[in-house]
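> Take this sequence and fold it.
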Amino acid sequence: MIQIAIDAPSSLTDLRRQLHSVAEQTADYWSSLEPAMFFAPIGDAWSPAENVRHLVQSNRPVTYGLRSPKLALMLRFGFTFKGSRSYAQILDVYRTALSGGLKAFGRYLPRPMDAEATETTRDELVAKNRVAIEGVVEGLDRWSESSLDKVCVAHPALGKMTVREILFFTLYHNAHHAESVARKLAS
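Below is the predicted model of the structure:
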């Protein structure tokens, strides 16, 4: 069983550190799975590989948003002066949505895999996700503490969020999938 250690981040520095840590911890976990287990569905649920593909598909738009001009994001999604909700509040929102039946949809559904269940294909997919998470970290270079709490973006299911809130979500989302797969494989 895996337990991803996340200390509730509050600052830009905390977010960078925690995202690096989650990238490393989840890559280690995914890489520890034998290829046959990594590519096999877990009952009716996605395989670990499909979970990783979903994460790649979810992390890349965050990187794209962080690299977009702030003005373009504000014109498209708006801005706020209310600030951001806490990490714990974002987790509550996400967990409530999950308990209400939230499922991935559209472009966030992993496409069927044609790859052979080999160590190389597993490692390539794990590396793609690590690069996607590190892309989020690199995208933070253009942001200040205050802009994280003013500029809004849209989560496809959870609605408008500040950039800080989408980063909280991204951090937890990556850990959540690894922990969820570990629980399913253990049972």
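
> which stretches of this protein aren't confidently modelled?
Across the chain, the stretches falling below the confidence threshold (pLDDT under 70) are 114-115.

> Can you tell me which helices and strands the lengthiest helix in it packs against?
Criterion DSSP state H: the longest helix present in the chain is helix 163-186. Packed against helix 163-186, as judged by 3 or more Cβ pairs under 8 Å, 6 or more residues apart in numbering; DSSP states H and E, are the following elements: helix 12-32, helix 48-67, helix 87-99, helix 119-139, helix 145-148, strand 152-155. For glycine as for every other residue, the C-beta is placed from the backbone atoms N, C-alpha and C.

> To Arg107, which of those lies closest?
Between Arg107 and the helices and strands packed on helix 163-186, the tightest spacing by Cβ to Cβ is seen for helix 48-67, at 6.4 Å.

> Just the buried residues of the following helix or strand past the closest one, please?
Under the assignment DSSP states H and E, the closest C-terminal helix or strand after helix 48-67 is helix 70-77. Using 16 or more other Cβ atoms under 10 Å as the test for burial, helix 70-77 gives Lys70, Leu73, Met74, Phe77.

> Just give the closest residue to Phe168, not the sequence neighbours.
Spatial nearest neighbour of Phe168, chain neighbours left out: Ile90 (4.3 Å); criterion: Cβ to Cβ, 6 or more residues apart in numbering.
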